[in-house]
Every structure is written in structure tokens, then in C-alpha cells.
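Engineer: 3D model of this:
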Amino acid sequence: MNKVHVYLFLFFLFGWSSISTLEAQVIEAAYSEWDDQFEEYKIHINEEEYVEAIRQFGSNPYRRWNLRFENLDGGYYSGYMQLKREGDINYWDFNFDNEFLSIETIYRNDVFTWRIRQGELSFTFSAQDRFGYVWEDRFMKEFDWLMYQVEEGDIRDWYIDDDSDDALSFPMRIAAVLIILEINAFGAG
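Structural biologist: You can find the predicted model right below:
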């Protein structure tokens with residue numbers, strides 16, 4: 001094996017491992033940066049890694065969130081979530097690391113049941129009640145996914161129990177967390 005083959009092998013090995021590492025990330029929690037504002041959250045993968053989600057300040061008719069993530073290896077990823085059409089809470093666009101997803105309500109104007117689609121994959125989740133303190137995988141067939149408030153009624157701090165393995169992509173996990181944060185912090189209107 002010559003040097004070129006060795007370098008190509010190493011490039012593909014390390015390149016593939018960074019991609020698969022991003023896809024394999026499991027989100028553990030989400031915390032508001034500030035006690036009295038809900039425009040900034042850290043969506044934690046572990047103690048040291050998190051996706052920073054910042055809601056656009058000022059006039060924000062599309063309810064846009066900007067996302068940033070830097071992993072421990074120095075990989076940098078960004079994206080956004082926003083309404084597809086101004087004033088229509090039922091449809092959202094989501095982009096993370098050039099992966100595009102759609103987020104939509106299952107029943108028109110019912111913000112307690114959502115579906116996320118990424119190509120052929122879909123994930124449907126809903127609130128256990130009309131308060132939105134606890135959210136779960138709607139069908140619970142292949143895996144368990146649960147997002148709940150650390151203290152009931154306090155939208156600043158959330159835990160996520162995610163046993164979805166490869167059934168959900170990392171962008172789908174972020175999208176699910178972020179739409180729940182948006183609806184709980186800023187409502188349907």
C-alpha cells in the first residue's frame with residue numbers, strides 16, 4: 001500500500017467516523033440560558049456538548065430559531081427552524097447541517113401532536129395531556145422517546161429519555177426538542 005492509499009484510507013476512516021458520530025448523538029436535556037427569558041436554550045448531548053438554540057430577536061414573524069453545534073473534535077454545524085408560512089403554526093421548516101426536515105401538526109391547529117419527516121423517515125410525538133409537561137413517541141412501537149419538564153410547570157428545564165438508537169437522525173431529535181420548546185414557551189399564537 002503506498003502513501004496515497006494510506007492517506008485515502010485514513011481520510012475515509014476519520015471522515016466517516018465524524019459523520020456517524022454526529023448521527024449517533026442522543027440528546028439528554030434542554031435548559032434555558034436565562035431564568036426570565038426563553039429565547040435561548042442549550043440542548044445537551046452530554047455535559048460538554050450541546051446545541052445552542054437562539055430565537056431571533058426583534059421582529060420575528062416566522063418565529064425563527066438559529067442553531068449552532070460544535071462537537072469536541074471541533075466539527076461545526078449550524079441550522080435553523082422557522083414557520084413555513086407567516087402566521088401558520090401548523091408547518092415548519094427545519095435545516096441542520098444541510099439536512100432538511102419538515103415539521104407539521106397531525107391535526108390542524110392542534111399543537112399537542114406533531115410529525116417530523118426527513119426523507120422516508122418520520123417521527124410522530126404528542127403531549128400526554130393538554131398542558132404539555134410530558135411528551136412521548138406517539139406510537140411507542142419500536143423505541144421509547146420521552147421529553148418532560150424537570151419540575152412540572154417550569155418550561156426552563158427539560159429531560160429527554162431517548163431509546164431510539166438509529167431510528168431517529170440527530171436533526172430529527174433536535175427538531176422534536178425545539179418544536180416542544182417553541183410551543184411551550186411561546187404558544188400557538
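
Engineer: Figure out the helix or strand that Met147 lives in.
Structural biologist: strand 145-149 (DSSP states H and E).

Engineer: May I have the strands that pair with that strand, each with its orientation?
Structural biologist: Strand 145-149 pairs in its sheet with strand 134-137 (antiparallel), strand 157-162 (antiparallel), by DSSP bridges.

Engineer: roughly how far out does the first one sit from the chain middle?
Structural biologist: Spelled out, it's strand 134-137. With C-alpha atoms, centre = their mean, to the nearest Å as the basis, strand 134-137 stands 14 Å off its chain's centre.

Engineer: Can you list the buried residues in it?
Structural biologist: By neighbour count with 16 or more other C-beta atoms under 10 Å, strand 134-137 contains the buried residues Trp135, Glu136, Asp137. For the C-beta atoms, the positions are set from N, CA and C on the backbone; glycine is no exception.

Engineer: repeat for the longest one
Structural biologist: Buried positions in strand 157-162, judged by neighbour count with 16+ other C-beta under 10 Å: Trp158, Ile160, Asp162.

Engineer: average model confidence for that strand?
Structural biologist: Per-residue pLDDT over strand 157-162 has a mean of 96.

Engineer: Off-centre distance for it?
Structural biologist: 12 Å.

Engineer: how about the helices of this structure, start to end?
Structural biologist: 3-23, 170-186 (DSSP state H).

Engineer: Compare the mean pLDDT across these and name the weakest.
Structural biologist: Mean pLDDT values for the helices of the chain show the minimum at helix 3-23, a mean of 41.
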